[in-house]
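In: prediction below, plus the sequence it came from.
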Amino acid sequence: MNQLPSEIASTGPATVILPPRQTLPVVFASPHSGRHYPQDLIERARIGAFELRASEDAFVDQLFTAAPKLGAPLLCATFPRAYVDVNRAAMELDPRMFDGDLPDDNEINSMRALSGLGSIPRVVSGGVEIYKTRLPAEEALSRIDTYYRPYHTALQKLIDLTRATFGYC
């Protein structure tokens with residue numbers, strides 16, 4: 001990411017920017033402004049980069065760059081929402097978009113997932129289909145483990161540290 005402060009720690013699929021000293025009981029998060037599009041997404045997509053980017057909250061991470069300077073940490077996803085949406089339940093998956101069995105804890109009755117907006121989205125803004133073909137179920141689980149869980153681990157750590165410091169977050 002460009003123009004971010006030097007207090008940056010990478011957590012893999014996310015970047016954490018810490019203030020020199022946290023003075024605010026707030027954690028800023030930018031879960032949908034990731035701009036690193038994995039090659040497998042690009043290769044499997046039926047749409048181009050412009051359409052894929054329609055689901056981004058473009059540059060929100062850069063809008064929030066003042067947060068660490070003002071005393072609050074900032075967490076930024078580096079991956080796009082079209083690849084993994086961390087503002088969903090981990091197993092909020094549309095079974096129609098995967099080949100193979102999904103875990104029993106899959107939230108198959110989720111209206112968001114069934115409309116294509118689960119943790120592994122089937123569509124981007126405007127209901128445009130992302131993929132040429134169905135994805136292997138293992139791919140969904142791999143993305144959850146590689147992107148979703150580390151992002152949420154980093155977010156939970158920031159919340160826990162903030163609560164420990166201020167008593168609330």
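Out: Ah, there it is. Since we're looking at a predicted model, the values are computed, not measured. Numbering: from 1, shown residues only.

In: how would you label residue 162: helix, strand or coil?
Out: Secondary structure, DSSP: H, G, I helix; E, B strand; the rest coil: residue 162 is helix.

In: distance of it from residue 118?
Out: Distance from residue 162 to residue 118, counting by C-beta to C-beta, to the nearest Å: 29 Å. In short, each C-beta sits where N, CA and C put it, glycine included.

In: ok, the two, which is more surrounded?
Out: residue 118 (27 against 19; other C-beta atoms under 10 Å).

In: where along this structure do the helices fall?
Out: Counting by DSSP state H, the segments of the chain that form helices are 39-44, 49-52, 60-63, 66-69, 111-114, 137-143, 149-166.

In: make CSV out of the ones you listed and add distance to residue 18 and mean pLDDT.
Out: Compiled in CSV, the helices of the chain are given as follows (distance: least, C-beta to C-beta, whole Å; pLDDT from 0 to 100):
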stretch, distance to residue 18, mean pLDDT
helix 39-44, 29, 95
helix 49-52, 30, 88
helix 60-63, 15, 88
helix 66-69, 6, 96
helix 111-114, 32, 89
helix 137-143, 27, 95
helix 149-166, 9, 96
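
In: reformat those helices as CSV; add distance to residue 91.
Out: Shown next, in CSV, are these (distance: least, C-beta to C-beta, whole Å):
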stretch, distance to residue 91
helix 39-44, 20
helix 49-52, 23
helix 60-63, 26
helix 66-69, 31
helix 111-114, 9
helix 137-143, 9
helix 149-166, 11
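
In: residue 124 is nearest to which of those helices?
Out: helix 49-52 (6.1 Å; C-beta to C-beta).

In: since that was my last question, I'll sign off now.
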